[in-house]
Structure formats: structure tokens, C-alpha cells
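A.B. asks: curious how this folds, go ahead:
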Amino acid sequence: MLASLLPPSPIVPTVAFDRDGVQHGFLRLPYSRDDSAWGSVMIPIAIIRNGSGPTALLTGGNHGDEYEGPIALFDLARTLDPQDVNGTVIIVPAMNYPAFRAGTRISPIDKGNLNRSFPGSPDGTVTHKIADYFTRELLPRADIVLDFHSGGKTLDFVPFAAAHILADKSQEARAFEAVKAFSAPWSMRMLEIDAVGMYDTIAEDLGKIFVTTELGGGGTARAETIAIAKRGVMNVLRHSGIVSGEVEHRETQWLDMPSGDCFAFAEDEGMIETMADLGDPVSKGQIVARIHPIGRTGTAPAEIHANMDGILAARHFPGLVKPGDCVAVAGVVG
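C.D. replies: Residues are numbered from 1 along each chain as shown. So this is what the prediction gives:
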């Protein structure tokens, strides 16, 4: 009821969602500013459509400093042949386009974290307007959603695809089947420490099959993780019956995040010394990092301990840490 009372989105697509063939265009969001009174944010979008089959919504750049997804999706938009498609593929390689252009996690325009801004608002900030358009215009069109993430500038991950534990077990099972098809080296049954306002949450609430990833990090992309992204997106499209061909299955190891004990946080600031590498086994109580004070010599480092047995699935990437930074994440193999 509330959605019906909202004004229309100000975003205007320059593509037609029901036209067969390949279209490259923009989601044009009016944005008046000092250097362009009648300016717009031009968010690239591609539509590859062939007939009335299912629809996949493929997104990257939800955070602007994560690159495997944009690389894979800009490439896919250029190369996907509509003759191989049964249905529609909607590709938005850089959802938070202002952040992507700036190379930052959040938008330089309004400091908005897109992945904490859903369902958004048509009369809010630029970030809220983008979220609203996805919520009311793009997600309802989709049958399956693949949203690429990596660790950005501040985290680094073992490369995994993931879905969430859901109340709807049929929806959950279909999501994990898509994760399995993605065939990343690791597959995660994921727990979020802050799910309010997430793209994931709104997509799942709308009943969509939602798959996400964490494919490395450090504010860059590696040849290995780019290859995982490119292979994975094609596997998901084939698994969904939207693109012809067989899924290219690779061995994957499943991980669980059963509780908040997966996470270890810094309580001190200083310089981090990593005591375990990504993928290494860790045991409860093991020192996984030390934080060295940098104000003077002769002061002992603070120790960060694993809260559970598992492997080191993620770690803090920059050399310096602040209180509250996530230092390490453990995943349980199984």
C-alpha cells in the first residue's frame, strides 16, 4: 500500500526492457549540481533479450571499490550473444556509479552506502533514488539475481559465492543450488552482521533467488578472481536455463557462518600483524592477528584470538587498524 503512494522514480532508462536483441544504454538519474545545473548521473545498463523466458538481473559495483563484478559484467555485456539467450539478461555493472567512478565504497555525492540504503526512496538522496529504482523497477522483473562483491580496499576474502539461510526453505534451497552452480572454490552459507537495508534482504523479501559473492579484495582484482567471476556468471545463467550450454562445474568447498562468533574485531588502534593467511585452518583461542601500538616503542601488542574452529575466510587488508575494524572472519568447513 505504501509503495503505491510513492511518487514515480526520477530515473529514466534509455533502454526498453521488452525489446529483443542487444541494447546498451543508461539509467539516467537527474542530479543538479554546481558544475551541471541540469545534469544527470548516467548509470550504464545492458539488456540482452531473446523471447519471453526467465530474467536474470546481474549487478556489480554495489560498493565502488570492488572490481571483479564490474570487470566480468562489462565483458559479458559486450560478448553475450542473444542467440544463446532464452529470456532476458539485465546487466548493471556498476550499481553505485558515483562510488564506482570515485573508487570508493560509498558515494562521494551523499556518502551513501548503497547496500545499506534499500528499499530506498524516489525523493531521497542520489543513493536512495538508485536503491528505489532497483526495488520497484528492476527486482520485480527478475527471477534470479546475482550481485558481485569482493572485499574492497579494507577486506580480503577467500573467493566464495554465497546465499543466506532463509525462513522459506524452498527459496533457500534454490539459492544454494545456484551457489553450487557458480562453482567458486568456496561456497558459503552466509550470516550477515548487519542485514538492515541490504540489497540482498529486499531481493529475498521479494521472493527472488539471490546469489552474492566475495571474490578477494584489497581494492583490486586478480586474474584468478576475475576468471572465477566470469565462469561463475555464465554458470548461473546456464543453471537457470537463460543461456544455453552446460554448467562448467568445479570443485567447491562449503563453509558455514553459524553465529557472530565468526567475527573478530579490533579494540585497539595500531599496526596489524597477520598471524594466519587466508584459507589456513584456525582453532578457537588461536592468535590470528596482533595489533602493535605505534605511538612509542616498548609496548606489547594486543592479541586477536579466533572465537571458533574453522578456516580464516576473511581478514583486514590495510596495514593499520582502528577500534571496531573487523580483523578476521572464520568459516566452518562442512
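A.B. asks: just the helices in the stretch 151-300 of the chain please.
C.D. replies: For the stretch 151-300 of the chain, applying DSSP state H, counting those that start in this stretch gives helices covering 169-182, 199-205, 223-239.
A.B. asks: can you tell me the average pLDDT over stretch 8-25?
C.D. replies: Confidence for stretch 8-25, expressed as mean pLDDT, is 97.
A.B. asks: which residues touch that stretch?
C.D. replies: Stretch 8-25 is contacted from outside by 26-30, 44-51, 77, 80, 82, 88, 90, 122, 129-130, 132-133, 136-137, 141, using C-beta atoms under 8 Å, 6 or more residues apart in numbering. Backbone N, C-alpha and C define where each C-beta goes, glycine included.
A.B. asks: just give the nearest non-adjacent residue to W186, would you?
C.D. replies: F160 (3.7 Å; C-beta to C-beta, 6 or more residues apart in numbering).
A.B. asks: for M42, same thing?
C.D. replies: M42 sits nearest to F26 (C-beta to C-beta, 6+ apart), 4.4 Å away.
A.B. asks: tell me which strands the helix or strand harbouring the one you found pairs with, and in which orientation.
C.D. replies: Here F26, judged by DSSP states H and E, is contained in strand 21-30. Applying DSSP bridges, strand 21-30 is found paired with strand 12-13 (antiparallel), strand 40-50 (antiparallel).
A.B. asks: most packed of those strands?
C.D. replies: The highest average neighbour count among the strands paired with strand 21-30, using mean count of other C-beta atoms under 10 Å, belongs to strand 40-50 at a mean of 21.
A.B. asks: average pLDDT across it?
C.D. replies: On average, strand 40-50 scores 98.
A.B. asks: what sits up against that strand?
C.D. replies: 13, 15-31, 74, 77, 80, 82-83, 85-95, 97-98, 109, 126, 130.
A.B. asks: 6 Å - rerun?
C.D. replies: With contact meaning C-beta atoms under 6 Å, 6 or more residues apart in numbering, strand 40-50 is reached by 15, 20, 22-31, 77, 80, 82, 85, 88-92, 97.
A.B. asks: need the contact list for the residue lying closest to Y67 once chain neighbours are set aside.
C.D. replies: Distance criterion C-beta to C-beta, 6+ apart; nearest residue to Y67, sequence neighbours excluded, is A221 at 4.1 Å. A221 is in contact with 67-68, 71, counting by C-beta under 6 Å, 6+ apart.
A.B. asks: same thing with N113?
C.D. replies: N113 sits in contact with I106, where contact means C-beta under 6 Å, 6+ apart.
A.B. asks: and it, its phi and psi?
C.D. replies: With angles defined as degrees, to the nearest 10, N113 sits at phi -90, psi 100.
A.B. asks: can you give me the pLDDT of it?
C.D. replies: So N113 comes in at 97 (pLDDT).
A.B. asks: still on that earlier bit, quick check: the residue nearest to M42 vs I11, distance?
C.D. replies: When distance is defined by C-beta to C-beta, to the nearest Å, F26 is 10 Å away from I11.
A.B. asks: comparing the two, which residue is more hemmed in?
C.D. replies: I11 (22 against 17; other C-beta atoms under 10 Å).
A.B. asks: identify the residue spatially nearest to that one, adjacent ones excluded.
C.D. replies: Sequence neighbours aside, Y133 is the residue nearest to I11 in space, at 4.4 Å (criterion: C-beta to C-beta, 6+ apart).
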